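*Asks:* how would this look folded up:
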Amino acid sequence: MMMLKYGRIFRMEDSQRGFVLIIDRRADKWSSVRTLFIHLNSFFPGKIHVVYLLKPEGVLQRALEVGYRGIADSCAFKVFQFESSVELRSCFKAEQLTMDIGGLIKYNHLEYVQHRMDIERMKSSASAIAEALNEFAKTLRETELPNDADTTARILQTQTCERVAIKEDIKIAMRKCTALLRAVRQNEIKPSAAQLSPTRLHNVSSIERMLIQLDETEKSFDSFWGKHERRLTNCLQLRQFEDLFRKLQASFARHMLYLEEHRGVGDGVAQATQLAQAHAQYTATAMEDVQAAKELKKKGDELRTANEDEHSDSVLPKCDELERMADALTSALERRTQVLRISCTMHDEIRRANVWCSRGVDLLTSLPAVETPSAARTSLTKLDSFLHESNDIRLDSWTNANPAENFVLLTTTETSTLITQVAERMNDILRISAARRDAIARAEEARSRNPPVQVVTPEKKPREREDRSKREKVVKKMEEEDETLRIEDDNTTDETDDSSSSPPEISNERAIDCCDAMESGSLPVEPTSSKSLQSCVINELITTERTYVSELESIVEFYVKPFKLAESQAQLGPEIKGRAHLLFGNLGDLLDFHSQCFLPHLANQPSPSHICKAFVAHKDRFLHLYHHYCQNKSTSEAIRKEFGDGTPFFMECQRRAGHLLPLGAYLLKPVQRITKYQLLLRELERHCSPEVRSDVMCALSTMLELLAQINSNINQLHITGFNGDLRLLGPLRLQSDCNIYAYNRRKKGSRLGRAQRRYALLFDGGLLFCKKKSALTSPSAVESEHFEYKLFIPTNLLAFCESSRFGFERFDVWDTLKVEAYVVEIFDFSIRSRWLERLGHSLTCDAPSLIGGEGIGIDSKRRPKSWSSTVSNESSASSTHTSDSIDSHMDSNGNTHCSPLNSARFPPSISSPANIALEIDTSPNQYVNFDETEELIDSV
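*Replies:* Have a look, this model is predicted:
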């Protein structure tokens, strides 16, 4: 081992040239000499040219020399034996020999061994550092780039700490090596290298080589670490860029959704101005995200330019997307700003037009019936000035506006209708004023040609003043009625459709009739206000019904019939070809009912009593037709949005029909119409005479009940697992999220079970608990958000306690035939009182007759063993009607499941217009006894 160790001390080139060995065995034995030769032959790591041996000098060893003369013959190298050091010095110079054999080289064996031990320790430390570097480099090479910024930053920080630790070890080793070199070299004592002994010089060379190796290792590691650190830093910057991109993408989506939801333009100057100010503030906030997107795009371009790796390729599409989103949001904000600016201008013009019309009515009213020459000239001057002011009002520019330029008119149909009505009112005032001016001018001209002899009759002046005061009183009362109707119109604007005639038009007609009557010199007797308003509501109902029928006719004529033609099938996609029953529903049946049955009934007998009886008589037809249409509305909406909007066929149909709005707005008409009836009946109930009030209230109650039943039927499609028919439970009264806890009500000290998240629905027929299932993320999923049936307690077995012993904010409900009770904790504590009030009302009132046992088999004394599926006549009729075109089957709940196109590709949409339209506020009256803030269930 020592030979191997000493052999590795020398440099490689020295080992390759070979060695000359001088062996001093003067104080040793011949046996050790023989052993040494054997070891040199077997283990010496280099080539040996010659061995010079100083023989043992002991007396005994000289006697034994004869026996060891042949030991050199078996060696692979030459061996020269010397008796003394004098003979050895004849072969070598004194500078080549150590002082112990007569040379000049100073050699301290203990010092040499100490130096070699220090050098070996340094080599061991350097080897450990090299091994740690290799392991760390392997770890760095095998590091995979994470997909998130936090992990990347954590890896970079951890590996940086490890790198710092290794660098510190290298620096410590180099400091120790430098200190050892300084101790071995002894520059202060021996400044010249020639003064060093060969052994010391050899040790110095070994230490210097070690320092060079450590320095080269450090430089190589620094180069490798620089590349790896740059790789991790680039990855971190890229992940941070992606995180900021996703945040901005979500912000832009929220901004676009906000703009989509806030499309109102206001119904007056004040509201339009308020909307414009709110939009300006929102624009300032949104533009911060736009600026952030531009800065992030600039940073992405810098990343793409600076980085050459493969991960930088994903930056370019994101930069393009940032630019696209920023441009889209900026355009949407500017478009909204332009819309609101146009709306402010438009409403200001409407306000000026209304002021002008009011001034016209006042002016026409104030004109004297008998004109004197001076009064005639004054009247002509006033009328000329008044007519001249109409030139400053440009309502015709709005009525004849290009939709591409003034698209604010297309945001709401009420806006365009209002402009048309005000323009018509202005035209009427202009016509009357011009006619009155011409009449005064003609009278003045005739008077100037043939001045009449004026007879003074003082006794008629009081009569004239009386007539004038009566006229002013009538006109003032009509104006008050106009204002009343205008206020009522504001309260119901959101519920009316675009084709309805608004009360301001009716008031204008009355004002015009009054002015015409004043021109003719005769005034009617002051009408009864309630009768006049009652007539207005009836006229409104009949007029809007005619408009509704005409709109249905236009849809059937220009959309449904061309859709069914054989030559049109080539223009339709395979997804909707032959699916008219899904896209249009039963529009044809609705048209037949309203045009041939309901509208003639209203028009032939326009009295309040007959009209209300018509609603009651046709209740079943309404329920059957509109229930089928509303059930299909979400499917129709999905088909239209995915395969209909923007296609050449439907755009051509819209052009031929002359519709300003797309098909979706007209398919919403039936949903809007069925909710409009109860508003009109409510208005009629306010102004009807006492003798017909009972009929009106009965009709109103009928339509409210019909709406509730339609909503309940639609909602049944989204409650799974209920073995019954929700339509037999009556209208839905309350619904909310809650937690329920089960416990044994007959066992003292019973503990509550774990909380269960439920959705409570209170019908007249009982209390239903369901579990809400979230909607699937895929837009084309088979199911949307629905409810899973969990528990039902019928009304005749329901009991409750207002205050629970488990908390004041909770209440208890239980089935009287069971020992298990439930603690209900409503999430919204503000509606807890409404729940208690409704539960008390349900228990004190009689349950619907169908729930008593006929419909679903409930006995007042015992619970039914099972719920039987019951399907109403209307549902059966609807299924029969569509059986020819839809492959359907009925489940145990009485629900009809349509063909794969209906059930798989077009799920009910929560945000569809049909669902939104059905969320009406059924405020209370004498017949519907529940809270004003309750609403019908959302048809999702």
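*Asks:* can you count the residues close to Tyr743?
*Replies:* The tally of other residues near Tyr743 (other CB atoms under 10 Å) stands at 20. For glycine as for every other residue, the C-beta is placed from the backbone atoms N, C-alpha and C.
*Asks:* same thing with Leu663?
*Replies:* By other CB under 10 Å, the residues close to Leu663 number 22.
*Asks:* tally of neighbours for the residue nearest to it when sequence neighbours are not counted?
*Replies:* Residue nearest to Leu663 in three dimensions, not counting chain neighbours: Phe650, with 5.7 Å by CB to CB, 6 or more residues apart in numbering. For Phe650, the neighbour count with other CB under 10 Å is 22.
*Asks:* which element is Phe650 on?
*Replies:* helix 648-657 (DSSP states H and E).
*Asks:* check which residues of the helix or strand hosting Ala375 are buried.
*Replies:* According to DSSP H and E, Ala375 maps onto helix 373-389. Buried positions in helix 373-389, judged by neighbour count with 16 or more other CB atoms under 10 Å: Ala376, Ser379, Leu380, Leu383, Phe386.
*Asks:* quick check, nearest of those to Ser833?
*Replies:* Nearest to Ser833 among the buried residues of helix 373-389, counting by CB to CB, is Phe386 at 58.4 Å.
*Asks:* so where's the stretch 601-750 of the chain shaky on pLDDT?
*Replies:* Low-confidence segments of the stretch 601-750 of the chain (pLDDT under 70): 712-717.
*Asks:* same thing but 50
*Replies:* Within the stretch 601-750 of the chain, no stretch has pLDDT under 50.
*Asks:* equivalent analysis for the chain, please.
*Replies:* Within the chain, the ranges that satisfy pLDDT under 50 run 1-2, 404-405, 408-411, 452-465, 467-468, 470-471, 474-528, 776-783, 846-940.
*Asks:* got the domain ranges for it?
*Replies:* The chain breaks down by automatic domain parsing into domains covering 2-105, 118-239, 241-338, 528-717+898-940, 726-868.
*Asks:* for Arg431, which of those domains is the nearest?
*Replies:* Across these, closest to Arg431 is domain 528-717+898-940 (CB to CB), at 21.9 Å.
*Asks:* sorry, back to before: which strands or helices does the helix holding Phe650 pack on?
*Replies:* When contacts are defined as 3 or more CB pairs under 8 Å, 6 or more residues apart in numbering; DSSP states H and E, helix 648-657 sits against helix 561-564, helix 663-667.
*Asks:* would a markdown table of those helices with distance to Val422 be doable?
*Replies:* Below are the helices and strands packed on helix 648-657 laid out as a markdown table (distance: least, CB to CB, whole Å):
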| stretch | distance to Val422 |
| --- | --- |
| helix 561-564 | 36 |
| helix 663-667 | 22 |
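*Asks:* among these, which is the most enclosed?
*Replies:* Highest mean neighbour count of the helices and strands packed on helix 648-657: helix 663-667, a mean of 19 (counted as mean count of other CB atoms under 10 Å).
*Asks:* from Met117, how far off is Arg175?
*Replies:* 19 Å (CB to CB, to the nearest Å).
*Asks:* how about the secondary structure of Leu533?
*Replies:* Using DSSP: H, G, I helix; E, B strand; the rest coil, the structure places Leu533 in helix.
*Asks:* list the buried residues in the longest strand seen in the chain.
*Replies:* If you go by DSSP state E, the chain has its longest strand at strand 732-744. Of all the residues in strand 732-744, those buried under the rule 16+ other CB under 10 Å are Leu732, Arg733, Leu734, Gln735, Ser736, Cys738, Ile740, Tyr741, Ala742, Tyr743.
*Asks:* ok now that strand, how far from the chain's centre?
*Replies:* Taking CA atoms, centre = their mean, to the nearest Å, one finds strand 732-744 lying 29 Å from the centre of the chain it belongs to.
*Asks:* please apply the same query to stretch 143-152.
*Replies:* Chain-centre distance of stretch 143-152: 27 Å, with CA atoms, centre = their mean.
*Asks:* what do you get for stretch 665-685?
*Replies:* Taking mean C-alpha positions (CA atoms, centre = their mean), stretch 665-685 and its chain are 31 Å apart.
*Asks:* then stretch 117-127?
*Replies:* How far stretch 117-127 lies from its chain's middle: 66 Å, per CA atoms, centre = their mean.
*Asks:* got it, and stretch 789-802?
*Replies:* Averaging C-alpha positions (CA atoms, centre = their mean) puts stretch 789-802 37 Å from its chain's average.
*Asks:* do the same with stretch 217-233
*Replies:* 44 Å.
*Asks:* helix or strand next in line after the strand or helix carrying Leu53, which one?
*Replies:* Leu53 belongs to strand 48-54 when assigned by DSSP H and E. Toward the C-terminus, strand 48-54 is succeeded by helix 59-64 as the next helix or strand (DSSP H and E).
*Asks:* quick check: buried residues in that next one?
*Replies:* Residues Gln61 are the ones in helix 59-64 that count as buried (16+ other CB under 10 Å).
*Asks:* and stretch 279-288, by the same measure?
*Replies:* Neighbour-count burial for stretch 279-288, counted by 16+ other CB under 10 Å, picks out His279, Tyr282, Thr283, Ala286.
*Asks:* please apply the same query to stretch 163-177.
*Replies:* By 16+ other CB under 10 Å, the buried positions in stretch 163-177 come out as Arg163, Ile166, Ile170, Ala173, Met174, Cys177.
*Asks:* and if you look at stretch 692-701?
*Replies:* If you call a residue buried by 16+ other CB under 10 Å, then stretch 692-701 has these buried ones: Val692, Asp695, Val696, Met697, Ala699, Leu700, Ser701.
*Asks:* SS state for the first one?
*Replies:* When states are read from three-state DSSP, the local structure at Val692 comes out as helix.
*Asks:* ok, it to Cys177 distance?
*Replies:* According to CB to CB, Val692 and Cys177 sit 114 Å apart.
*Asks:* so which elements touch the helix holding Ala375?
*Replies:* Using 3+ CB pairs under 8 Å, 6+ apart: helix 373-389 touches helix 315-366, helix 413-449.
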